[in-house]
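> Structure, please.
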Amino acid sequence: MNFRRVPIEFPSMEAIHGLYDSVLDGSCVVDSQGCFKAISPTYCTLIGYQREELLTMSIWDLGVINTGEKSINLEEIISSGKTFIEITKRRKDGKLVKAEVDITPLKTKDEQLFLIFVRNITNRKQKEKKVKQNFAKLRSALEGVVQALSSTIEIRDPYIKEHQQRVTKLACAIAKEFLLPEEDIEEINLAGALHDIGRINVPIEITSKPNPIQEHEFDMVKSHVQVSYSILSKIEYLSSVAQIILQHHERLDGSGYPAGIKGDEIILPARILAVADVVEAMISRRPYRQAHTIKETLEEISRKKGVFYDSRVVDACIKLFTEKGFNLD
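The predicted model follows:
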């Protein structure tokens, strides 16, 4: 919410001097044309000019860059509510100074003035830049960890690579239909890329056999969810991703695994990943069966919506394929 500032009334320039000389930040007083009327010692140090020099200049003479304010009347700045801005000032020695500027209207009995407080934030901006660079490096390293984890299972079972890529593509598309925040979509992206990492614990003879697996074999396959969670939850950056993976085989009616939770106990990203996983699995050929058509697949998840799958997620998925031309190729 923007609050329009009410001009502060001072009886004279002497009273204004007493105010700004006691402020630690650089400060100055200018008239409506930007000409200096008073300058604090701290402001002189910040800009590198003597007070006597500045009193013959205007704020526009200081080489303010990276803002459009030279074309804006000070009165317009105040009336627009834009009284706090970041700018780059050029010192007398040519060095650039990043600064926060706060503008407050002042009134004396003779004229309209503006009190400007200036804080040097050059060091802070440099530190922020360094933090961003370090974060980018850390993120790159973590992405490498994710890729390494994903490759571990892909080398063992080449089918998994394509499956995880396609599940990720569909899950992220559904998430975007929900207009989820970018950070949530990124977590779903990572969950899709890693959701089958736990299959490293399942014998390849089971996952690649040409016949339907038996019940005792399916129990072993189901263990991959808990194994995935155990691996990923140890990495703090991936703890929320691990939770999505842990729940993506749960079903709304409680018939899923590993915990048999139901309804809203299942987090939305996991419900999205569940539908994407089922759709990709059905339209892909398996050693023991042919692929289902996309029509058959969408009909199947539609029949099970509200029972196994979140109705909103199913509807978003169907809309992608039938109205928006989405495909997994």
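
> For residue 215, give its distance to residue 52.
Distance, residue 215 to residue 52, using CB to CB, to the nearest Å: 93 Å. C-beta here means a position set from N, CA and C on the backbone, and glycine is covered the same way.

> okay, the two: which has more neighbours?
Ranked by neighbour count (other CB atoms under 10 Å), residue 215 and residue 52 place residue 52 first, with 9 against 6.

> Where does the more buried one sit: helix, strand or coil?
Classification of residue 52 by DSSP: H, G, I helix; E, B strand; the rest coil places it in helix.

> Now do the helices in this structure.
13-20, 41-47, 51-54, 74-80, 122-156, 158-177, 182-194, 204-207, 215-232, 239-247, 268-283, 294-303, 311-323 (DSSP state H).

> Export those helices as CSV, with columns for mean pLDDT and distance to residue 112.
Shown next, in CSV, are the helices of the chain (pLDDT from 0 to 100; distance: least, CB to CB, whole Å):
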stretch, mean pLDDT, distance to residue 112
helix 13-20, 52, 13
helix 41-47, 88, 20
helix 51-54, 90, 20
helix 74-80, 64, 8
helix 122-156, 80, 31
helix 158-177, 91, 51
helix 182-194, 93, 45
helix 204-207, 78, 78
helix 215-232, 89, 62
helix 239-247, 95, 54
helix 268-283, 96, 55
helix 294-303, 96, 68
helix 311-323, 97, 57
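
> how about the ones you listed in TSV, adding distance to residue 97?
Putting the helices of the chain into TSV (distance: least, CB to CB, whole Å) gives the following:
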stretch	distance to residue 97
helix 13-20	19
helix 41-47	7
helix 51-54	15
helix 74-80	20
helix 122-156	6
helix 158-177	42
helix 182-194	33
helix 204-207	63
helix 215-232	46
helix 239-247	41
helix 268-283	45
helix 294-303	60
helix 311-323	50
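
> For residue 32, find the nearest of these.
Of all the helices of the chain, helix 74-80 sits nearest to residue 32, with 5.7 Å by CB to CB.

> Select, out of the helices of the chain, the one closest to residue 329.
helix 158-177 (8.8 Å).
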